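Colleague: just need the structure, nothing else, for what follows:
(2 chains, ligands or ions: 1)
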Amino acid sequence: MSQVERLRGTAPGKRHNARTVAALTGNPGCTRRAVLDAAGVDKVRLAERIGFPGAFGQSRFALARGNAFEAMLKADDCALLRSTLGAYVGGYEDLGADEDDTLSARHTRTRALLRSGAEGLLDHPLLTLDVAGQTVFLEPDLIAYQNGSQLQVVEIKSFAIIDGQADGTAVSSAAVQAAVYVLALRRLLGDDRVSHEVVLVCPENFSMQPVAVVLDVRKQLSTLKRQLSRLASVSSLIESLPPTLSFDLAQPVADLVSSLDTLTARYAPECLSACEMSVFCRDEADGRTELLGRPVREALGGIETVGEVLALAAGTREPEPDQVEAATLLRAAQRLRDEAL
Amino acid sequence: MSTLVALARAHAFAAGRAQPITTVRHLHVHDRPLVLIPLAMAGEANAPLAAMLGSSPADARLLVVSQPRNRDERFTFFADLAEAVVPYLDSFAGATEAVPVDRGRDVRHRFVDAPQIWVPNPGGADFLRLLGRSTRFRRTDGDFPVPASVPRLGQWLTFLASSAEVPGSSLLVNAVQALGQHWATGQSAAEDAHFGSLFAWITEGVEAAREAENGPVAGPATDPAFDNEILAPLITAADPALTGVLRELLTPTWERMWKSIELLRDLPAGARVGSRWDSDRDAYSAYVEHLIEDGSPQPRRDGAVAAAARLQRLENAATRYAVQRAFDDPLVMAEHRLTGQAFGAVVTLAKADRIDDSGKRPVLRPRIMVATSEAVRVEPGAALTSPARPAQKAKVISVTPGATSTDVVLELSGGMGRKLVAEPGSVPEVGEQLLLTTLSEAYRPGAAFPDPDDTPWTHGGPPARPSVDADDQ
Ligand code: SF4
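Modeller: Next up, the predicted model:
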């Protein structure tokens, strides 16, 4: 049994998708998340088990609309999708439903089809990526479009583009996710075969009419590569963890919590919308300035705890040598605040 | 994030209670505001599920779309919303006042009051913007005619949403922003975005805030668990209980909205809040006039000239708002003192009758020396002002740092009357405490833009007239 299997315990491994890889790179400094994800621990259930559940559901209305939009595009041999993309030549092949027991077969078939370079649309290709020392399968939520000598990633999204503009958060997370796919495809086929321009297909305005927009994801790609290479070091860290350490959900809660304590977290309020462990980590960070957000922590001179901040500001505590500058600023701020109130 | 506000957050955390970050109120609070809480249907582009609205706490009106995919119901909703909101917006186009223009050679008229709509959060304002976009081009004839009030509502919502982007405007206010400008909580900005939590930090404290996080949302997005477990079965069964469920969901937010308005109303208004509301009344008056005289809906996108002019207006408004807040509020000014853009000082020498006769005509140019122990980051030649004498300019002649304090010599001009002898009290006297800042309220004239019809081809040429079509559904 490998160390990661031991960490996970009896539960089946949680699969990765472009969203989880994107979230992982969103907080690359967090060892806790990197280890839990590398081991495939189900963080939703872990957080529930230890009494810190988060709200990470998806509305069934949103899902239904997304599915309806996708089905409409793919009906009649992808007639609407082809006209949206201008992709009239070539075939359409669907590698089919995402099931665990056909993983390697679908991955082999994906590789063969992509390497053949035949023009057309390949739906649900099963790709892999090295994340934190593990080779993980990505949920195949994309279409690979072979157009001439280049392969393009096509993502179908159900958020609307209204008068050429869309919700900024939705677009930027779509771009990071697409970059995950571009990277996985490039690792398989070579950099020059896969375009850094990805196509988003979204409903336009207030209708279900599709519109295609091209996004350049070079910036997201380089961030992703940099952060994935930092995560690579997690594999040696995992090897060095004590062999008794486990996140098997069958354990008592106290044991799970003490296991979590051995993994250093790096909480930031952004975790609340990106990581299933966030309610637990927020509670753990109680009293620390990162709880207030990075800009606040920086404005407080990077001092670690709220208690220290207030003591330095009140002048009741001698600053450490590296806190002198921050302490001067905080004392001035406190004096001005007292004067004005 | 200024260190002063960050420090207030630290205090709030320690106290378990939000802390004030202003000494006065920086927005206009209306006597008769309209509160509007929109709720959206998940997954759809701007499809309404419900709205709770009204202009008094006891008078909440609830509009519901019980089958969100039914186009007729959606249009009934728009018509009902228009019927409830448009008369409120129109109701201020009554009494006018004359405003002198062109140095008193002419007058123009503006309405003595204007509407004010409150939504819970920035998402609510954005939802209204899109609602405006989806209704302002609707036709009152043709295949899917709508009542005339529907496109009119769309025009109004578009107007309000675009004025909400102007810093310091109070025509469309979102409660999260309004509260967050006056109180700092002991949590992060991300958590403050939850209206119920922010409100609880101010009124009750941290424990109530944590509880509010799991309470009903303030829209426009619903909670996925609510969608899946409660909403979906009700919609599938066309259950008439839906209205009651939505009323229960929205009522806590409704009550918090009105209490937030009260909380803010109770703060003393800043001295310059009134002049910004005057600008809002100008904007409202101009839009009423546009509706009467031209009536065309706002274009989908601004043309090149309009976009550039708008950007400049927004930048000017942002500067004006930042300066005015500092001038109105010593606690906001303190942020500038901390960064050295302002300093408190005491007058140590004053020569009030100094005349500069090096030019063609002799002019009154008193000089004063001030001493300060604060950081001074100004160079000789810089122009300073003091909020106590905003019409007076103080030019920095010299800055001499000493062991414990810094001496600054200043030459004064303006705000002393027209004679060669200063009006009494217009020149600071020895011993007077002064606040001096590089911030200035002086009007900065904008760049000249061509008429839209003369837009150069490099910028897309003259914009087309907005066309009316039905791209909805
Ligand atoms: S919530 Fe916790 S585990 Fe997740 S990324 Fe943040 S700090 Fe790491």
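Colleague: who's in contact with A:Ala118?
Modeller: Applying C-beta atoms under 8 Å, 6 or more residues apart in numbering or on different chains, we find A:Ala118 in contact with A:Gly90, A:Gly91, A:Gln146. In short, each C-beta sits where N, CA and C put it, glycine included.
Colleague: surely A:Asp123 is in contact with A:Tyr92?
Modeller: Yes: here A:Asp123 reaches A:Tyr92: they are 6.8 Å apart, a contact under C-beta atoms under 8 Å.
Colleague: these two: who's more crowded?
Modeller: Shown here are A:Asp123 and A:Tyr92; by other C-beta atoms under 10 Å in any protein chain shown, A:Asp123 has more neighbours (19 against 15).
Colleague: burial of the residue lying closest to the more buried one once chain neighbours are set aside, as a residue count?
Modeller: Nearest non-adjacent residue to A:Asp123, counting by C-beta to C-beta, 6 or more residues apart in numbering or on different chains: A:Asp94, 4.2 Å away. Residues near A:Asp94, counting by other C-beta under 10 Å, number 14.
Colleague: now render the contacts of A:Ala118 as TSV, adding neighbour count, distance to the ligand and secondary structure.
Modeller: Formatted as TSV, the contacts of A:Ala118 follow (neighbours: other C-beta atoms under 10 Å in any protein chain shown; distance: C-beta to the nearest ligand atom, whole Å; DSSP: H, G, I helix; E, B strand; the rest coil):
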residue	neighbour count	distance to the ligand	secondary structure
A:Gly90	15	41	coil
A:Gly91	13	42	strand
A:Gln146	22	37	strand
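Colleague: switch these over to JSON lines; also include distance to A:Glu318.
Modeller: Output for the contacts of A:Ala118, formatted as JSON lines (distance: C-beta to C-beta, whole Å):
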{"residue": "A:Gly90", "distance to A:Glu318": "73"}
{"residue": "A:Gly91", "distance to A:Glu318": "74"}
{"residue": "A:Gln146", "distance to A:Glu318": "67"}
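Colleague: residues contacting B:Ala12?
Modeller: B:Ala18, B:Gln19, B:Trp183, B:Ala184, B:Thr185, B:Gly186, B:Trp201.
Colleague: in the stretch 201-350 of chain B, what residue comes closest to the ligand?
Modeller: In the stretch 201-350 of chain B, the residue that lies nearest the ligand is B:Glu213 (15.6 Å; C-beta to the nearest ligand atom).
Colleague: circling back to that earlier point, just give me the closest of the contacts of B:Ala12 to the ligand.
Modeller: Nearest to the ligand among those, with distances taken as C-beta to the nearest ligand atom, is B:Gly186, at 19.2 Å.
Colleague: residue contacts, the nearest residue to the closest one once chain neighbours are set aside?
Modeller: Spatial nearest neighbour of B:Gly186, chain neighbours left out: B:Phe13 (3.1 Å); criterion: C-beta to C-beta, 6+ apart. For B:Phe13, the contacting residues are A:Gly287, A:Leu291, A:Leu292, A:Val306, B:Gly186, B:Gln187, by C-beta under 8 Å, 6+ apart.
Colleague: neighbour-wise, give me the winner out of the residues you listed.
Modeller: A:Leu292 leads these on contacts (other C-beta under 10 Å) with 28 neighbours.
Colleague: sorry, back to before: A strand includes the residue nearest to B:Gly186, no?
Modeller: No: under the criterion used here (DSSP: H, G, I helix; E, B strand; the rest coil), B:Phe13 is helix, not part of a strand.
Colleague: per-residue pLDDT, whichever residue of the stretch 51-200 of chain A sits closest to the ligand?
Modeller: At 8.9 Å from the ligand, A:Gly54 is the closest residue in the stretch 51-200 of chain A, using C-beta to the nearest ligand atom. On pLDDT, A:Gly54 comes in at 83.
Colleague: neighbours of it, how many?
Modeller: Residues lying near A:Gly54 (other C-beta under 10 Å) number 19.
Colleague: try B:Glu429
Modeller: Using other C-beta under 10 Å: B:Glu429 sits among 10 other residues.
Colleague: hang on, it packs against B:Ala350?
Modeller: Yes: B:Glu429 lies in contact with B:Ala350 (C-beta under 8 Å); the separation is 5.9 Å.
Colleague: pLDDT check: weakest of the contacts of A:Ala118?
Modeller: A:Gly90 (80).
Colleague: can you tell me the closest non-neighbouring residue to it?
Modeller: Going by C-beta to C-beta, 6+ apart, A:Gly90 has A:Gly120 as its nearest residue, at 2.8 Å.
Colleague: now do A:Gly51
Modeller: A:Val253 (6.9 Å).
Colleague: show me the contacts for the one you found.
Modeller: Per C-beta under 8 Å, 6+ apart, neighbours of A:Val253: A:Arg49, A:Ile50, A:Gly51.
Colleague: same check on B:Ile261?
Modeller: Residues in contact with B:Ile261 (C-beta under 8 Å, 6+ apart) are B:Val29, B:Pro33, B:Val35, B:Trp118, B:Ala175.
Colleague: equivalent analysis for A:Leu142, please.
Modeller: Shown in contact with A:Leu142 (C-beta under 8 Å, 6+ apart): A:Ala18, A:His124, A:Pro125, A:Val153, A:Val154, A:Glu155, A:Ala178, A:Tyr181.
Colleague: from these, which land in strands?
Modeller: Among the contacts of A:Leu142, the members found in strands (DSSP state E) are A:Val153, A:Val154, A:Glu155.
Colleague: for chain B, state which of these is nearest.
Modeller: A:Glu155 (16.9 Å; C-beta to the nearest C-beta).
Colleague: count of neighbours near the closest one?
Modeller: The number of residues packed near A:Glu155 is 19, by other C-beta under 10 Å.
Colleague: model confidence for it, exactly?
Modeller: 92.
Colleague: do the same with B:Asp469
Modeller: Reading off the model, B:Asp469 has pLDDT 47.
Colleague: and the closest residue to B:Val370 other than its chain neighbours, how many residues sit next to it?
Modeller: Excluding the flanking residues, the one nearest B:Val370 by C-beta to C-beta, 6+ apart is B:Ala345, at 3.7 Å. Look at B:Ala345: counted by other C-beta under 10 Å, it has 25 neighbours.
Colleague: ok, what's across the strand from B:Ala345?
Modeller: With DSSP bridges as the criterion, B:Ala345 is bridged to B:Leu434.
Colleague: for it, give its distance to B:Arg337.
Modeller: For B:Ala345, the distance to B:Arg337 (C-beta to C-beta, to the nearest Å) stands at 11 Å.
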